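Colleague: Give the three-dimensional model of this entry:
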Amino acid sequence: MTREDPVHKFHKIVLVAFGGPSSSGKTTSSAAVKALFKHSILVHLDDFYLPDSQIPIDPVTKLENWDCPEAINFEGFIEYIKNLKQGKGLSKKLDSLEAKVDLKLTEEEEQHFTKKIKTNIPDADKTLFVLIDGFMLFHDPRLMELFDVSLFFRASFETLKDRRESRKGYSTVEGFWVDPPHYFEKIVWPAFVSSHSYLFENEDVSSNLIPLKKQQYRIHDIKNDNGNTLYDLVDWSLDSVIEEIK
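Modeller: Numbering: from 1, shown residues only. The predicted model follows:
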């Protein structure tokens with residue numbers, strides 16, 4: 001969407017959340033989906049991180065905990081998303097810390113999905129799709145209630161750990177962060193379990209989502225272990241959006 005796009009040209013605004021633990025595929029998928037919609041904006045939760053000097057220190061490991069809710073300006077983020085849902089601040093440009101995504105759909109795949117959107121979402125050209133990407137989108141009911149569609153990307157502990165540890169690091173507000181040894185199992189995974197276990201049967205994040213929670217928050221679940229392609233993830237994402245907004 002360009003800065004000149006007036007709000008009144010849209011019949012509706014649809015908020016689609018791409019959530020899940022670190023390295024689950026949500027950011028890559030959201031970027032690919034954004035390219036398919038004529039009118040869309042992509043918001044990254046990571047752009048609401050606090051300055052490096054304000055990141056909480058884990059009391060056990062004494063390491064900076066970048067994966068807990070307290071590392072994010074959540075009140076500011078919720079207010080920002082509320083405004084977007086009401087059609088406010090759509091042209092406000094955030095300085096993004098998110099690295100560019102290298103993995104993209106082929107031209108043929110884009111054409112296939114563009115046709116799918118045109119066939120199944122007749123008013124897509126009059127709809128603004130607000131795509132929201134973040135590792136901590138599903139821990140706070142105040143935020144979840146704002147989403148029209150919630151896509152929950154997840155994978156096994158081993159898969160996520162391998163993907164996370166293959167990354168070189170992350171740009172931050174004040175510099176650059178590289179995970180110290182064993183950071184995933186000591187900080188990242190426990191933080192995910194702590195904030196998301198309430199959504200799962202027996203509070204086991206390797207189990208199934210609670211059916212009533214899925215229905216209440218319009219959650220669509222995908223287990224993105226190794227073997228899924230970007231095509232698969234985008235196809236699933238679009239099917240979920242189509243199902244919810246028809």
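Colleague: All the helices of the chain, residue numbers only.
Modeller: Counting by DSSP state H, the segments of the chain that form helices are 26-34, 74-85, 107-120, 141-144, 157-165, 183, 189-196, 211-216, 230-245.
Colleague: Against Lys93, how distant is the nearest residue to Glu243 once chain neighbours are set aside?
Modeller: Nearest residue to Glu243, sequence neighbours excluded (Cβ to Cβ, 6 or more residues apart in numbering): His220, at 7.6 Å. Where you see a C-beta, it was placed from the backbone N, CA and C, and this is true even at glycine. Distance of His220 to Lys93, computed by Cβ to Cβ, to the nearest Å: 29 Å.
Colleague: So between those two, which is more surrounded?
Modeller: Taking neighbours as other Cβ atoms under 10 Å, His220 and Lys93 compare with His220 leading, 20 against 7.
Colleague: Report the contact partners of that one.
Modeller: 149-152, 214, 236, 240, 243-244 (Cβ atoms under 8 Å, 6 or more residues apart in numbering).
Colleague: what about stretch 28-43, start to end distance?
Modeller: Across its full length, stretch 28-43 reaches 13 Å end to end, with Cα to Cα, to the nearest Å as the criterion.
Colleague: Repeat that for stretch 181-200.
Modeller: Note: stretch 181-200 ends 29 Å apart using Cα to Cα.
Colleague: in it, what's buried?
Modeller: The neighbour-count check on stretch 181-200 (16 or more other Cβ atoms under 10 Å) flags 183-184, 186-193, 195-196, 199-200 as buried.
Colleague: Go ahead and name everything in contact with stretch 43-57.
Modeller: 27, 63-66, 68, 70-74, 76-77, 80-81, 84, 94-98, 130-137, 170, 172-175, 177.
Colleague: Please give me every residue in contact with the closest residue to Glu185 other than its chain neighbours.
Modeller: Using Cβ to Cβ, 6+ apart and skipping the chain neighbours, the partner closest in space to Glu185 is Lys161 (6.7 Å). Contact analysis of Lys161 by Cβ under 8 Å, 6+ apart lists 184-185, 189.
Colleague: Lys161 and Val60: what is the separation?
Modeller: Using Cβ to Cβ, Lys161 is found at 19 Å from Val60.
Colleague: Over to Phe157?
Modeller: When distance is defined by Cβ to Cβ, Phe157 is 19 Å away from Val60.
Colleague: Of the two, which one has the most company?
Modeller: Counted by other Cβ under 10 Å, Phe157 and Val60 do not tie: Phe157 has more neighbours, with 15 against 10.
Colleague: Quick check: chain neighbours aside, which residue is closest to that one?
Modeller: Computed as Cβ to Cβ, 6+ apart, the closest residue to Phe157 that is not its neighbour in sequence is Trp189, at 6.2 Å.
Colleague: doesn't Leu160 make contact with that neighbour?
Modeller: Yes - applying Cβ atoms under 8 Å as the test, Trp189 and Leu160 come out as touching, 7.3 Å apart.
Colleague: between these two, what contacts are shared?
Modeller: By Cβ under 8 Å, 6+ apart, the residues touching both Trp189 and Leu160 are Pro21.
Colleague: Wait, Leu137 touches Ser150, no?
Modeller: Yes - in this structure Leu137 lies within contact range of Ser150 using Cβ under 8 Å: 7.4 Å.
Colleague: who touches both of the two?
Modeller: 17, 19, 144.
Colleague: what's near enough to touch the first one?
Modeller: Right, Ala17. Ala17 is in contact with 132, 134, 137-138, 144, 147, 149-151, counting by Cβ under 8 Å, 6+ apart.
Colleague: ditto for Val149
Modeller: Contacts for Val149 (Cβ under 8 Å, 6+ apart) come out as 14-17, 218, 220, 240-241, 244-245.
Colleague: and it, what are its bridge partners?
Modeller: Beta bridges link Val149 to Val16, judged by DSSP bridges.
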